[in-house]
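Chemist: Sequence first, predicted coordinates after that:
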Amino acid sequence: MNTDKSPKVYAVQCGGDMTNWAALDPYDERAGTFVYMPTFFYVVKHAEGVVLFDSGYHPALATDPEARIGDAAAVFQVEIEADDDLTSTLGRIGLKPSDVDLVIQSHLHFDHAGGLGELRQAEVMVQGSELAFARNPPLYQRDLYVQDDFADPINWVELDGDRDVFGDGRLQIVQTPGHTAGHQSLMVHLDSQSLFLLADAAYLLSKMRERILPVVLWNPDVMMDSWDRIEELEKEHDAFLITTHDIDFRERLKLAPESWYE
């Protein structure tokens with residue numbers, strides 16, 4: 001691995017939602033009740049530039065979620081403050097949207113791609129299969145994609161598979177489809193440890209370990225294959241797994257701006 005200075009990774013919370021347990025596991029005894037799930041994006045300060053993994057919510061969700069996401073607002077009851085927009089949340093760690101050089105989108109659901117409109121100057125890496133899926137989503141995921149979130153002009157870099165982002169082994173994009181057709185995750189190799197930012201390749205690690213599928217997915221067999229691959233890479237790199245909606249985030253994660261990983 002490259003011996004240059006270790007990147008820094010910031011887990012930046014940008015709000016969250018009250019989610020029905022049935023969406024996480026329809027057979028869970030808590031189905032029908034709601035649990036708070038945070039939403040994060042991640043900032044990676046690398047020698048080659050500032051990288052954003054996902055871009056959070058669109059600010060309109062703070063005032064009128066039904067107008068923005070329709071029926072999905074009843075299942076994912078968004079809890080966003082006025083200062084959870086991308087500009088404000090980046091400001092907590094001393095950055096502006098214009099400081100971002102590269103965006104890596106795990107996928108293009110509304111809770112991951114809502115800040116792209118503030119990042120027109122950056123290249124945006126996405127799997128080509130995800131972009132095609134998002135532009136013409138099937139009925140069962142239609143409410144989760146807001147076409148305005150990823151409307152042109154965006155400087156897309158369409159991928160077809162894994163990618164070593166800077167060619168130094170530090171940031172590795174890993175295909176993890178299943179939740180959506182083109183979902184991808186990001187492995188970050190720090191000097192101290194490896195972080196595996198899963199995004200929505202799994203909602204809850206405990207459910208992944210038990211191979212219990214959530215309701216929101218594209219292909220259950222492909223998702224199972226992605227879970228197998230995640231655990232193989234976890235073991236190979238002794239990686240720490242981080243999901244975007246971890247309900248135990250306060251206990252498990254180093255939270256920006258006070259803490260970070262390096």
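Modeler: Ah, there it is.

Chemist: the helices in the protein, which residues?
Modeler: Under the criterion DSSP state H, the chain contains helices at 21-24, 65-69, 72-75, 86-91, 110-113, 128-135, 205-209, 220-237, 249-252.

Chemist: which one of these has the most crowded surroundings?
Modeler: helix 110-113 (a mean of 27; mean count of other C-beta atoms under 10 Å). Every residue, glycine included, has its C-beta placed from N, CA and C.

Chemist: Residue ranges in the stretch 1-150 of the chain under the pLDDT threshold?
Modeler: 1-3 (pLDDT under 70).

Chemist: and the gap between Met223 and Gly161?
Modeler: 18 Å (C-beta to C-beta, to the nearest Å).

Chemist: To clarify, my last question referred to Asn155.
Modeler: For Asn155 relative to Gly161 (C-beta to C-beta), the value is 20 Å.

Chemist: Which one's more surrounded, those two?
Modeler: Asn155 (14 against 11; other C-beta atoms under 10 Å).

Chemist: Quick check: that one touching Leu119?
Modeler: No. Asn155 lies out of contact with Leu119 (C-beta atoms under 8 Å); the separation is 9.0 Å.

Chemist: Nearest approach to His189 belongs to which of the helices of the chain?
Modeler: Of all those, helix 220-237 sits nearest to His189, with 7.3 Å by C-beta to C-beta.

Chemist: list the helices and strands the closest one packs on?
Modeler: For helix 220-237, the packing partners by 3 or more C-beta pairs under 8 Å, 6 or more residues apart in numbering; DSSP states H and E come out as strand 171-175, strand 184-189, strand 194-199.

Chemist: Contacts only, for Arg163.
Modeler: 125, 172-173 (C-beta atoms under 8 Å, 6 or more residues apart in numbering).

Chemist: What separation do you get for it and Leu24?
Modeler: Arg163 is 30 Å from Leu24, by C-beta to C-beta.

Chemist: how deep is Glu210 tucked in, by neighbour count?
Modeler: For Glu210, using other C-beta under 10 Å, the count is 10.

Chemist: again, but for Thr63
Modeler: 10.

Chemist: any idea how far Ala82 is from it?
Modeler: The separation that Thr63 has from Ala82, given C-beta to C-beta, amounts to 8 Å.

Chemist: got it, and Leu198?
Modeler: 29 Å.

Chemist: Compare these two (neighbour count), which wins?
Modeler: Shown here are Leu198 and Ala82; by other C-beta under 10 Å, Leu198 has more neighbours (30 against 9).

Chemist: I'd say the more buried one and Thr243 touch.
Modeler: Yes. Counting by C-beta under 8 Å, Thr243 is a contact partner of Leu198 at 5.0 Å.

Chemist: which residues touch the nearest residue to Val165 once chain neighbours are set aside?
Modeler: Spatially, and ignoring its direct neighbours in sequence, Val165 is nearest to Leu171 (4.0 Å; C-beta to C-beta, 6 or more residues apart in numbering). Contact analysis of Leu171 by C-beta under 8 Å, 6+ apart lists 7, 44, 46, 51, 104, 164-165, 186-189.

Chemist: Across the sheet, point out what pairs with the residue minimising distance to the centre of the chain.
Modeler: With distances taken as C-alpha atoms, centre = their mean, the residue of the chain nearest its centroid is Ala199 (3.6 Å). Under DSSP bridges, the beta-bridge partners of Ala199 are Thr243.
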